[in-house]
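S.K.: below are the sequence and a predicted model for it; my questions follow.
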Amino acid sequence: MTTLGPEGGAGAPAAAPRSAPRWGRAVLKLSGEALASDSSEETIDAATVRRIASEIAESVYELGVQLAVMIGGGNIWRGTTGQGGGLDRATSDTMGMLGTVINALALQDAIEREGQPTRVLSAIAMAEVCEPYIRRRAIRHLEKGRVVIFAAGMGNPYFTTDTPAALRAAEIEAEVILKGTHSGVDGVYDADPRLHPDAKRFDEIGFMEVVARDLRVMDLTAITFCKDNQLPILVFDLMSPGNIRSALAGEPIGTLIR
Ligand code: UDP
């Protein structure tokens, strides 16, 4: 295994020339469904995870960006699914959080196969599986060039992983949240472009306008949290090859909410 990150020691290749990325530290919010694929019946599609992992590893290495990933669990379980079936909401949400841990391990494995060191930090303690989330430890891992993968959201029911992505971003003093979409919609539009072909995409939009227009790009709790804490959100199409790098580099793709 070639190690790209700083943990590579003597065997690691020399550092690549680094361009100056716009963001020094970022949180990438990945939906669990981004790890699945229409062409596979598996909840986690190995080829899809490999592609995302290799883009993450390459971009972090080439740009020198500090990256934490908040991984969702919707490909496995959502709290609302169980609630609809009569399950207790808090129990169902806990099942969803455990699903995010499964995704986190899949992503960790794939990113490390690309030679990039990672650490999974879970909001629900699971000592035999991964580290517990400790803010200062997360920052230390990032400083050492490791990709941090946040698992189990924030550890509390009644949330999705959008709000913990925002919370962790504020805690670790990230400069941006990169919200990757997997539905083919490459930013924030004034109407759903899948239903309205003449819908217009915003290059930039304010937090309050997203709320006022009820544009459902992220949970409202996350949007208002980001507004209160001056945390910009870049909404971009995750599935288009090269976009993770472009988003991390600060190239003008998607929609910047701020
Ligand atoms: N969840 C939770 N608290 C959290 C984060 C997640 O209860 O802090 C549960 C919730 O039930 C959610 C599920 O975990 O539906 C999976 O997360 P999410 O829906 O955000 O996954 P995504 O849509 O991003 O794949």
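M.R.: Arrived safely. Computed from a predicted structure; not experimentally measured. Residues are numbered from 1 along each chain as shown.

S.K.: please make it C-alpha for all contacts and neighbour counts, starting now.
M.R.: OK.

S.K.: next SSE after the lowest-mean-pLDDT helix or strand in the chain?
M.R.: Here the helix or strand of the chain ranked lowest by mean pLDDT, DSSP states H and E is helix 79-84, holding a mean of 87. Sequence-wise, the next helix or strand downstream of helix 79-84 (DSSP states H and E) is helix 89-113.

S.K.: average pLDDT for that following helix?
M.R.: Regarding helix 89-113, the rounded mean pLDDT is 98.

S.K.: cool, stretch 40-54 as well?
M.R.: Mean pLDDT, computed over stretch 40-54, is 96.

S.K.: list the buried residues of the strand or helix carrying residue 167.
M.R.: Assigned by DSSP H and E, residue 167 falls within helix 162-171. For helix 162-171, the neighbour count (16 or more other Cα atoms under 10 Å) marks 162-170 as buried.

S.K.: could you do stretch 124-131 as well?
M.R.: Buried positions in stretch 124-131, judged by neighbour count with 16+ other Cα under 10 Å: 124, 130-131.

S.K.: near the ligand, which residues of the chain?
M.R.: 31-33, 72-75, 78-79, 93-94, 96-97, 152-162, 164 (Cα under 6 Å from any ligand atom).

S.K.: filter those residues to the buried ones?
M.R.: Judged by 16+ other Cα under 10 Å, buried ones among the residues of the chain next to the ligand: 31-33, 72-75, 78-79, 93-94, 96-97, 152-155, 157, 159-162, 164.

S.K.: out of the buried residues of stretch 124-131, which are inside helices?
M.R.: Applying DSSP state H to the buried residues of stretch 124-131, no entry is found in helices.

S.K.: any chance of these in CSV, with distance to residue 138 too?
M.R.: Below are the buried residues of stretch 124-131 laid out as CSV (distance: Cα to Cα, whole Å):
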residue, distance to residue 138
124, 15
130, 13
131, 10
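
S.K.: got those as a markdown table, with pLDDT columns?
M.R.: Formatted as a markdown table, those follow (pLDDT from 0 to 100):
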| residue | pLDDT |
| --- | --- |
| 124 | 98 |
| 130 | 98 |
| 131 | 98 |
